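# sequence-free structure coming up:
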């Protein structure tokens, strides 16, 4: 008779009958609804569940899955209280997670049951429950945090009210024992309700209570491509409510492309910035205090910048302090105006027309200060000639610049600059104290040695 019972459990219909009996029992034990349409089991080896449905204690969906396939590599639930799942494959599923005001979740009642053996008994030796690999195909995930008040978030991610659709990924070599999650993530993709789309994320990932680290990174959205390394470090996840002031970012980028709109899903202060940047180099710090090392940035239509930089005060560009060590800069007036327009969504009126006369500008040197009050020290090569400068420039509210300092011009076409054809190319060293570039606001005081 016993042999007959064991034999009968080789059939899917009998296994499904047994599974329904088990889910009915668990439903009563957990005081919720658990259902399975079909079960196919290879004892101690694998099982397939079809039509899985689990409610939480609020009678809302906790988990539903069209198919759940599990391969078991180690099974000793009684003597060692250890189970190792080699792979879980989840297809066409939904997982809705809640955090309540007392910091428990809608999953806690199930975890507590299997840890203690009964929701109302004292704790036993916990299971050593391991999962090595997870393959997710088309998962909808919701997370709601009831510890925080409801807030309307338009166009950027609300970390307390997340809704991810169509998530797919292969997650290998999981470690959830020493971290929240450490794994090799392959081809993760999804769309979040804010509008953020992730086309592909492949990386060696570590997610813990105070950091998120992505090594060997390949991240692609419709407009952004990041490669190599990226991390975010923080005190706790509440810091994401104010990313620019609280989260330390670090990126080591190789031939990467960044679209500011994608960043604005995480830092909404950048929502009006419409810039695309091509980046190679290292960036580290908070958004409001970033440092860059060996950085090459291509932006605008033709501009590029190479060097080491510190930028303090973003995203308020007018009050941002810049300490820029330029190894090489290439730009022109039209591109500067284009970049400012894309960064501010406004036509720029701050760049004097005279800058156009310099044509394409190559610069090696430093720029220290604010956009309207700075010292420029270095070597300019322009259409008009070469200039070495050590000049402080201030731009007032009427966009009229004033400048003091020392300049050295070498084979410089001064006549073209001031619209005076009688003056040819010159070389000179001058102490400059002036204001304005236009005739109606121009004031100059020069002390110079000039060579024609």
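Good, I have the coordinates. These figures come from a predicted structure and were not determined experimentally. Numbers count the residues shown, from 1 in each chain.

# only C-alpha atoms for contact and neighbour calcs from this point on.
Will do.

# which stretches of the stretch 201-350 of the chain form strands?
211-220, 225-233, 248-259, 276-286, 289-299, 303-312, 321-331 (DSSP state E, counting those that start in this stretch).

# Save these as TSV, and put in mean pLDDT and mean neighbour count too.
Compiled in TSV, the strands of the stretch 201-350 of the chain are given as follows (pLDDT from 0 to 100; neighbours: other C-alpha atoms under 10 Å):
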stretch	mean pLDDT	mean neighbour count
strand 211-220	96	20
strand 225-233	95	21
strand 248-259	94	20
strand 276-286	95	21
strand 289-299	95	19
strand 303-312	95	20
strand 321-331	95	19
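
# Can you tell me which of these is nearest to residue 343?
strand 276-286 (9.7 Å; C-alpha to C-alpha).

# which residues are contacting the closest one?
243-260, 290-300 (C-alpha atoms under 8 Å, 6 or more residues apart in numbering).

# cutoff 6 Å now
244, 247-259, 290-299 (C-alpha atoms under 6 Å, 6 or more residues apart in numbering).

# can you give me how far it is from the chain middle?
12 Å (C-alpha atoms, centre = their mean, to the nearest Å).

# got any ranges where the stretch 301-450 of the chain has weak pLDDT?
349-350, 436-450 (pLDDT under 70).

# Give me the buried positions along stretch 267-274.
267, 268, 269, 270, 271, 273, 274 (16 or more other C-alpha atoms under 10 Å).

# oh, I was asking about stretch 425-438
425-437.

# Stretch 311-320 now?
311, 312, 313, 314, 315, 320.

# Residue 89: what's it in contact with?
Contacts of residue 89 by C-alpha under 6 Å, 6+ apart are 68, 69, 134, 135, 136.

# where does the last one land in three-state SS?
Under the three-state scheme (DSSP: H, G, I helix; E, B strand; the rest coil), the conformation of residue 136 reads as strand.

# circling back to that earlier point, I'd like the buried residues of stretch 267-274 as TSV, with distance to residue 16 and pLDDT appended.
TSV is the format used below for the buried residues of stretch 267-274 (distance: C-alpha to C-alpha, whole Å; pLDDT from 0 to 100):
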residue	distance to residue 16	pLDDT
267	49	79
268	50	81
269	54	76
270	54	79
271	52	81
273	56	85
274	56	86
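
# Secondary structure element for the closest residue to residue 138 other than its chain neighbours, which one?
Nearest non-adjacent residue to residue 138, counting by C-alpha to C-alpha, 6 or more residues apart in numbering: residue 166, 4.5 Å away. Assigned by DSSP states H and E, residue 166 falls within strand 161-175.

# That strand packs against which elements?
strand 128-145, strand 181-192 (3 or more C-alpha pairs under 6 Å, 6 or more residues apart in numbering; DSSP states H and E).

# again, only this time at 10 Å
Using 3 or more C-alpha pairs under 10 Å, 6 or more residues apart in numbering; DSSP states H and E, the elements in contact with strand 161-175 are strand 82-99, strand 128-145, strand 181-192, strand 197-208.

# Give me the next element, helix or strand, following the first one.
Moving toward the C-terminus from strand 82-99, the first helix or strand encountered (DSSP H and E) is helix 108-116.

# mind listing what's buried in that next one?
109, 112, 113, 115, 116.

# and those residues as CSV, adding pLDDT and distance to residue 151?
Shown next, in CSV, are the buried residues of helix 108-116 (pLDDT from 0 to 100; distance: C-alpha to C-alpha, whole Å):
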residue, pLDDT, distance to residue 151
109, 91, 28
112, 86, 31
113, 84, 34
115, 71, 35
116, 66, 37
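
# that older thread, using CSV, please lay out the helices and strands packed on strand 161-175 together with distance to residue 335 and mean pLDDT.
Below are those laid out as CSV (distance: least, C-alpha to C-alpha, whole Å; pLDDT from 0 to 100):
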stretch, distance to residue 335, mean pLDDT
strand 82-99, 48, 93
strand 128-145, 43, 93
strand 181-192, 34, 96
strand 197-208, 30, 96
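
# Reformat those strands as JSON lines; add distance to residue 359.
Output for those, formatted as JSON lines (distance: least, C-alpha to C-alpha, whole Å):
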{"stretch": "strand 82-99", "distance to residue 359": "58"}
{"stretch": "strand 128-145", "distance to residue 359": "53"}
{"stretch": "strand 181-192", "distance to residue 359": "44"}
{"stretch": "strand 197-208", "distance to residue 359": "40"}
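
# between those, which gets nearest to residue 306?
Here strand 197-208 is closest among the helices and strands packed on strand 161-175 (C-alpha to C-alpha), at 27.5 Å.

# so what does that closest one touch, helix or strand wise?
strand 161-175, strand 181-192, strand 211-220, strand 225-233.

# and the longest helix belonging to the chain, how far out from the chain's middle?
Taking DSSP state H as the criterion, the chain has its longest helix at helix 12-30. On the basis of C-alpha atoms, centre = their mean, helix 12-30 sits 44 Å off its chain's mean C-alpha point.

# quick one: average pLDDT of the helix or strand just after it?
Once the chain leaves helix 12-30, the next helix or strand it forms, by DSSP H and E, is strand 34-35. Mean pLDDT, computed over strand 34-35, is 92.

# Assess the claim that residue 183 and residue 169 are in contact.
No. The pair residue 183 / residue 169 is not scored as a contact, 11.6 Å apart, by C-alpha atoms under 10 Å.

# So for those two, which residues contact both of them?
Shared contacts of residue 183 and residue 169, defined by C-alpha atoms under 10 Å, 6 or more residues apart in numbering, comprise residue 134.

# got the contact list for residue 150?
144, 158, 160, 161.
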